[in-house]
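# no sequence on this one, just coordinates:
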């Protein structure tokens, strides 16, 4: 079974700084998807960024980018020029391409952006 | 579209009572997921449906939990009888599925916070 590990329960940075959230995963598969989801205090989860394992190029979405290291099974999220609205729980997630559409989530990292 | 709609947003009940959580997925989505979130266990997948058919219920903790999807626009998660350890936030999510550009993008509801006393 796949597992996803986020080793940083909490992080805190000042507004405008850059912050990197870590994620590692375990799988024996070669093709899969990885995701970062954000859960603000309002509770509703939203997708931040997605990476297909077969793509070598790291995904980027505006201020959000990933560092995908397939051999190391590492998938970190970098938030540049952090904003107060980035304060949230961030979840790393894994999805197999082997039929199932379900996501396996890590334990989450609580990120606080301070003014 | 209004997004995934869950009800109730909050439920407080006493041990032994039946609890029913409801979900309306986004129209046109063919996958529906029920997740449970607790501090100790994080986000756990309980069950998911494809085209109203349950595909994987291996995450359902025990027989006290049941889920149904009678049609494409409605699903329920029922706990009977409820216990204090069932206290959690229960999320419903829907997705298009497939292997296109939306792969893995789940649209979540706001969750139902359940407290069992």
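Everything's here; your move. Everything numeric in this text was worked out from a predicted model, so none of it was measured.
# Which secondary structure element is home to the residue most central in space within chain A?
Nearest residue to the geometric centre of chain A (C-alpha atoms, centre = their mean): residue A:36, 3.1 Å. According to DSSP states H and E, residue A:36 maps onto strand A:32-39.
# Identify each buried residue in the next helix-or-strand element following that strand, please.
Downstream of strand A:32-39, the first helix or strand assigned by DSSP H and E is strand A:46-52. Residues of strand A:46-52 classed as buried by neighbour count (16 or more other C-beta atoms under 10 Å in any protein chain shown): A:47, A:48, A:49, A:50, A:51, A:52. Glycine gets a C-beta too; all of them are placed from N, C-alpha and C.
# and stretch A:70-81, anywhere near chain B?
No - counting by C-beta under 8 Å from any C-beta of the partner chain, no contacts exist between stretch A:70-81 and chain B, the nearest distance being 13.1 Å.
# Can you get me the start-to-end distance on that stretch?
This stretch, stretch A:70-81, spans 26 Å end to end (C-alpha to C-alpha, to the nearest Å).
# and if you look at stretch B:2-20?
Across stretch B:2-20, first to last residue, C-alpha to C-alpha, it's 22 Å.
# cool, and stretch A:13-23?
When the termini of stretch A:13-23 are compared using C-alpha to C-alpha, they are 18 Å apart.
# Quick one: neighbours of residue B:28, just the number.
Neighbourhood size, residue B:28 [other C-beta atoms under 10 Å in any protein chain shown]: 9.
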